[in-house]
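**Q** pasted the sequence and its predicted model underneath.
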Amino acid sequence: MRVWPSAAAITRLEQAFGWVLWIEEPDRKLVWSRAARVPWKVIAGEMGCDRTTAWRRWQLALTKIAARLNA
């Protein structure tokens, strides 16, 4: 069964694309990797850091976006 997105859902997605431009490129890749459900172990290997460090960087990137939205 295929579900088609509504016009409102597409509009929200387009807004999210704009939000991601507020952070640096490595952080963008990290955020989109998590959105694509890439495992932390794979992300950490690509970033060359520990899994916990990758998670902290992801949290910081989302915090930057949230802070700008709330400003």
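**A** That came through, no problem. Numbers count the residues shown, from 1 in each chain.

**Q** residue nearest the centroid of the protein?
**A** residue 31 (2.2 Å; CA atoms, centre = their mean).

**Q** which residue is the nearest non-sequential neighbour of that residue?
**A** residue 61 (5.4 Å; CB to CB, 6 or more residues apart in numbering). All C-beta spots, glycine's among them, are computed from the backbone N, C-alpha and C.

**Q** contact partners of the helix or strand harbouring the one you found?
**A** Assigned by DSSP states H and E, residue 61 belongs to helix 51-70. Applying CB atoms under 8 Å, 6 or more residues apart in numbering, the contact partners of helix 51-70 are 19-20, 22-23, 27-28, 30-31, 34, 40-41, 43-44, 47, 49.

**Q** any idea how far residue 40 lies from residue 32?
**A** 14 Å (CB to CB, to the nearest Å).

**Q** who has more neighbours, the two?
**A** Using other CB atoms under 10 Å, the more surrounded residue of residue 40 and residue 32 is residue 40, with 15 against 11.

**Q** before we move on, the earlier item: and the helix holding residue 61, how far from the chain's centre?
**A** Averaged C-alpha coordinates place helix 51-70 at 9 Å from its chain's average position (CA atoms, centre = their mean, to the nearest Å).

**Q** for it, C-alpha coordinates in PDB please.
**A** What follows is helix 51-70 as a C-alpha-only set of coordinates in PDB (Å, rounded to 0.1, in the frame of the first residue of the first chain):
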ATOM      1  CA  ARG A  51      29.700   6.700  18.800                       C
ATOM      2  CA  THR A  52      29.000   8.900  21.900                       C
ATOM      3  CA  THR A  53      30.900  11.800  20.300                       C
ATOM      4  CA  ALA A  54      28.900  11.500  17.100                       C
ATOM      5  CA  TRP A  55      25.600  11.500  19.200                       C
ATOM      6  CA  ARG A  56      26.800  14.700  21.000                       C
ATOM      7  CA  ARG A  57      27.500  16.400  17.700                       C
ATOM      8  CA  TRP A  58      24.100  15.400  16.400                       C
ATOM      9  CA  GLN A  59      22.500  16.800  19.600                       C
ATOM     10  CA  LEU A  60      24.400  20.100  19.200                       C
ATOM     11  CA  ALA A  61      23.400  20.400  15.600                       C
ATOM     12  CA  LEU A  62      19.700  20.000  16.500                       C
ATOM     13  CA  THR A  63      20.100  22.400  19.300                       C
ATOM     14  CA  LYS A  64      21.500  25.000  17.000                       C
ATOM     15  CA  ILE A  65      18.500  24.600  14.700                       C
ATOM     16  CA  ALA A  66      16.100  24.800  17.600                       C
ATOM     17  CA  ALA A  67      17.800  27.900  19.000                       C
ATOM     18  CA  ARG A  68      17.400  29.700  15.700                       C
ATOM     19  CA  LEU A  69      13.800  28.700  15.400                       C
ATOM     20  CA  ASN A  70      13.000  29.900  18.900                       C
END
